[in-house]
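Engineer: Just to be clear, the model below is a prediction. Sequence and coordinates:
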Amino acid sequence: MSSLVSSLTSSIRIKSIGVHLLGLLLLGTLALASTAFAENPENAKDFWEALTKGTPVLDIRGRIEIAEVGSRDQAEAYTLRTRLGYGTKPWYSTLAYVEFENTAAVSTKNYWNLVEADTLNKSPIADPTNTEVNQAYMKIANEDWADLNLIGGRQRIILDDSRFIGNVGWRQNEQTYDGVYGSSSFLLDDFQGLYSYIGKVRRIFGNQDYKPGSSNTFDWDSNTHLINAGYSRFSFVKPVAFIYLVELDNPKSAALVPPVRAQSSASYGFRLPGAWEFAEDWKLAYLGSYAYQTDYQNNPTDYSAHYALIDLKLTWSKLGTLGAGWEMLGSDDGTAQFKTPLATLHKWNGWADVFLSSGGRNGLRDAYVTLAPKLPWELKMLLVYHHFRADEGGYTLGNEFDARLSRSINKHLNLMFKSAYFKASDGAIVGTTALPDVWRIWLQIGLKI
């Protein structure tokens, strides 16, 4: 396997010159296909119409988060996230989009945002104040030309269920990527393939300088390749295969233990999602997934680990949905664990965010049960119970209870209450740190125009 990995990574390793070549490919594709693109009725008639008849975007999210982690003091974060963007109307099936993002807080003294040095003894809430260009890209898209979709620039990337690649959309400052993205059907029915190169990971903390006592809040330099292919012909299963070659670093982080480059990995896997409507008003949804991971490029640790997921959801439209699942992020004999550093981690392994490190070097096993009852007044509820164990050694780490209640008032306005409570098992340790009890509560209002 190591020789295969070495051969594969050497053949497709692309640094800055690769980005330039892919940029030229975008321009060449546009030139060759301009005639076909011009026939798209959604295109603007001229450049001025494309520039002035575009779509403005306003996305505002206000949130109160209250948290208590172990013996730390209770923290309270009152934050407002505002996104303001504008996308041009397509012209020859090409458009541009730019989006600014600002996160403001009533007071940063009420919580530790992980960016500042830890002098407050407050529980951590990872929503620092920040202003940045969240997205800025050029896009070429035309369904009539092999479902072509090409994007170059700073962009949001979410693949499948965001278990491996996501935007960390739960936090006020989302994670975006500087790079290129391309997808196409390649003129094959029911097929979709994509490739993406990521040169920079713009993380949820903004581009901050490291301060002693703070967390690892740097943006990450990246030389990452993402390959994903799905086939949707069958009604009962829609298989997806993927290769994610993730190389990460930041020269400023040399003093961190472990270093950023310890997150570099090569993952090879597949997903088998599907659903079966076996009776009137009844449906069984299922998902199986597996991946094999090794260290990659600049990672100083030699390891290999396995990932597995089984998820089942039974829905009766008159009552709701009951689900259960089991997820394993394996360990290589306690040397290192299966890593997903670019995932939307908050979505997985409990909303209390105790296991963002996938259980540390001993890995993690997460058995869970979910309940989404049908409620009146268009209310939506989700209840989740997790039981956590270490993969290496199999010892119990703790249990977590999560709850969410939300309602969309209209297509623009939504309200949400959410909570998480993690109870650590006696003596539970991840790495060299004893796991604390954690509880978190959120109240949120969102407005999109």
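Structural biologist: Perfect, I can see it now. The model shown is predicted, which means the values in this text are computed figures rather than measured ones.
Engineer: Please work out how many residues are found near Pro436.
Structural biologist: For Pro436, the neighbour count with other C-beta atoms under 10 Å is 17. For every residue, glycine as well, the C-beta is placed using N, CA and C.
Engineer: in the host helix or strand of Ser289, what counts as buried?
Structural biologist: Ser289 belongs to strand 282-295 when assigned by DSSP states H and E. For strand 282-295, burial by neighbour count (16 or more other C-beta atoms under 10 Å) applies to Ala285, Tyr286, Leu287, Gly288, Ser289, Ala291, Gln293, Thr294, Asp295.
Engineer: Distance of the residue lying closest to Arg171 once chain neighbours are set aside relative to Glu101?
Structural biologist: Once flanking residues are discounted, Arg171 sits nearest to Ile204: 4.4 Å by C-beta to C-beta, 6 or more residues apart in numbering. Going from Ile204 to Glu101 by C-beta to C-beta, to the nearest Å gives 11 Å.
Engineer: and what of Phe417?
Structural biologist: Distance, Phe417 to Glu101, by C-beta to C-beta: 24 Å.
Engineer: of these two, who's got more company?
Structural biologist: When neighbours are counted by other C-beta under 10 Å, Phe417 and Glu101 differ, and Glu101 comes out ahead with 21 against 14.
Engineer: and the more buried one, what is it in contact with?
Structural biologist: For Glu101, the contacting residues are Arg81, Thr82, Arg83, Asn130, Thr131, Glu132, Val133, Asn134, Asn173, Glu174, by C-beta atoms under 8 Å, 6 or more residues apart in numbering.
Engineer: switch to 6 Å and redo it
Structural biologist: Under the criterion of C-beta atoms under 6 Å, 6 or more residues apart in numbering, the neighbours of Glu101 are Arg83, Glu132, Asn134.
Engineer: How about Glu327?
Structural biologist: Glu327 sits next to Leu309, Asp366 when contact means C-beta under 6 Å, 6+ apart.
Engineer: re the thing from before, so of the contacts of Glu101, which ones are in strands?
Structural biologist: Arg83, Glu132, Asn134 (DSSP state E).
Engineer: Return the set of residues that bridge with Trp326.
Structural biologist: Ile310, Ala367 (DSSP bridges).
Engineer: Check which residues of stretch 109-119 are buried.
Structural biologist: Under the neighbour-count criterion of 16+ other C-beta under 10 Å, stretch 109-119 has Asn110, Tyr111, Trp112, Asn113, Leu114, Val115, Glu116 buried.
Engineer: Now do the helices in this protein.
Structural biologist: Counting by DSSP state H, the chain has these helices, from start to end: 2-12, 16-32, 34-38, 47-52.
Engineer: and the last one, which residues are buried?
Structural biologist: Within helix 47-52, the residues that count as buried by 16+ other C-beta under 10 Å are Ala50.
Engineer: which residues touch it?
Structural biologist: The contact list for helix 47-52 (C-beta under 6 Å, 6+ apart) reads Ala44, Thr88, Lys89, Trp91.
Engineer: With Pro56 as the reference, measure out to the second one.
Structural biologist: The span separating Thr88 from Pro56 equals 11 Å under the rule C-beta to C-beta.
Engineer: which of those two has more neighbours?
Structural biologist: Thr88 (21 against 9).
Engineer: Tell me the pLDDT of the residue lying closest to the more buried one once chain neighbours are set aside.
Structural biologist: Nearest non-adjacent residue to Thr88, counting by C-beta to C-beta, 6+ apart: Gly54, 4.2 Å away. Looking at Gly54, its pLDDT reads 95.
Engineer: My read is that Gly54 contacts Gly85, right?
Structural biologist: No. Counting by C-beta atoms under 6 Å, Gly85 is not a contact partner of Gly54; they are 9.9 Å apart.
Engineer: picking that back up, and the residue nearest to Arg171, how many neighbours?
Structural biologist: Neighbour tally, Ile204, other C-beta under 10 Å: 24.
Engineer: what do you get for Thr432?
Structural biologist: 6.
Engineer: Kindly report the same for Ile198.
Structural biologist: Neighbourhood size, Ile198 [other C-beta under 10 Å]: 24.
Engineer: do Leu148 as well
Structural biologist: Neighbour tally, Leu148, other C-beta under 10 Å: 21.
Engineer: and the buried residues of strand 282-295 as JSON lines, adding pLDDT and distance to Lys347?
Structural biologist: Formatted as JSON lines, the buried residues of strand 282-295 follow (pLDDT from 0 to 100; distance: C-beta to C-beta, whole Å):
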{"residue": "Ala285", "pLDDT": "98", "distance to Lys347": "17"}
{"residue": "Tyr286", "pLDDT": "98", "distance to Lys347": "19"}
{"residue": "Leu287", "pLDDT": "98", "distance to Lys347": "14"}
{"residue": "Gly288", "pLDDT": "98", "distance to Lys347": "18"}
{"residue": "Ser289", "pLDDT": "98", "distance to Lys347": "14"}
{"residue": "Ala291", "pLDDT": "98", "distance to Lys347": "17"}
{"residue": "Gln293", "pLDDT": "98", "distance to Lys347": "19"}
{"residue": "Thr294", "pLDDT": "98", "distance to Lys347": "25"}
{"residue": "Asp295", "pLDDT": "97", "distance to Lys347": "25"}
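Engineer: What separation do you get for the closest residue to Pro259 other than its chain neighbours and Thr82?
Structural biologist: Using C-beta to C-beta, 6+ apart and skipping the chain neighbours, the partner closest in space to Pro259 is Ser253 (6.1 Å). Note on Ser253: its distance to Thr82, by C-beta to C-beta, is 30 Å.
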